[in-house]
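> Got a predicted structure here, sequence first:
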Amino acid sequence: MTFQFNKCSEKSLAGVTLSLSPVDFCVTEGLRTKERQIELVAAGKIQTMKSRYLTGHAIDVYAYPPGCPGGSRDWKYYE
């Protein structure tokens with residue numbers, strides 16, 4: 001299977017080390033700026049300024065397994 005990222009995913013992956021999954025997925029967030037991290041802490045969405053997102057060692061993804069065009073939050077696709 002060959003993967004091709006859309007422009008949004010490519011932008012989110014800038015500066016991030018990536019290992020591919022056998023399941024198709026969308027990258028929703030990658031390398032964060034310090035300002036974005038501060039914004040998330042202030043909003044109560046995260047609790048720390050010590051984050052792997054700040055160093056490009058973390059990404060947020062949403063899985064699109066075969067037969068599930070709307071995507072899935074089922075944990076088995078994220079293990």
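Cool, the structure landed. Numbering: from 1, shown residues only.
> Please count neighbours and contacts with C-alpha atoms only from this point.
Fine.
> quick one: the strands in the chain?
For the chain, applying DSSP state E gives strands covering 24-29, 60-64.
> Can you add mean neighbour count and give those back as JSON lines?
Converted to JSON lines, the strands of the chain look like this (neighbours: other Cα atoms under 10 Å):
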{"stretch": "strand 24-29", "mean neighbour count": "18"}
{"stretch": "strand 60-64", "mean neighbour count": "17"}
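> Show the model's pLDDT score for the residue positioned nearest the centre of the chain.
Taking Cα atoms, centre = their mean, the centroid of the chain lies closest to residue 60, which sits 2.0 Å from it. Looking at residue 60, its pLDDT stands at 89.
> Then residue 2?
Residue 2 carries a pLDDT value of 59.
> separation between the closest residue to residue 27 other than its chain neighbours and residue 68?
Spatial nearest neighbour of residue 27, excluding adjacent residues (Cα to Cα, 6 or more residues apart in numbering): residue 61 at 4.4 Å. Using Cα to Cα, to the nearest Å, residue 61 is found at 15 Å from residue 68.
> Against residue 27, how distant is residue 4?
Per Cα to Cα, residue 4 is found 12 Å from residue 27.
> Let me see the ranges of the helices in the protein.
7-12, 34-42 (DSSP state H).
> Which of those helices comes out lowest on mean pLDDT?
With a mean of 80, helix 7-12 has the lowest mean pLDDT of those.
> Counting by contacts, list what that one packs against.
Contacts defined by 3 or more Cα pairs under 8 Å, 6 or more residues apart in numbering; DSSP states H and E place helix 7-12 against strand 24-29.
> Mind listing the strands the strand it packs on pairs with, and their directions?
The strands beside strand 24-29 in its sheet (DSSP bridges) come out as strand 60-64 (antiparallel).
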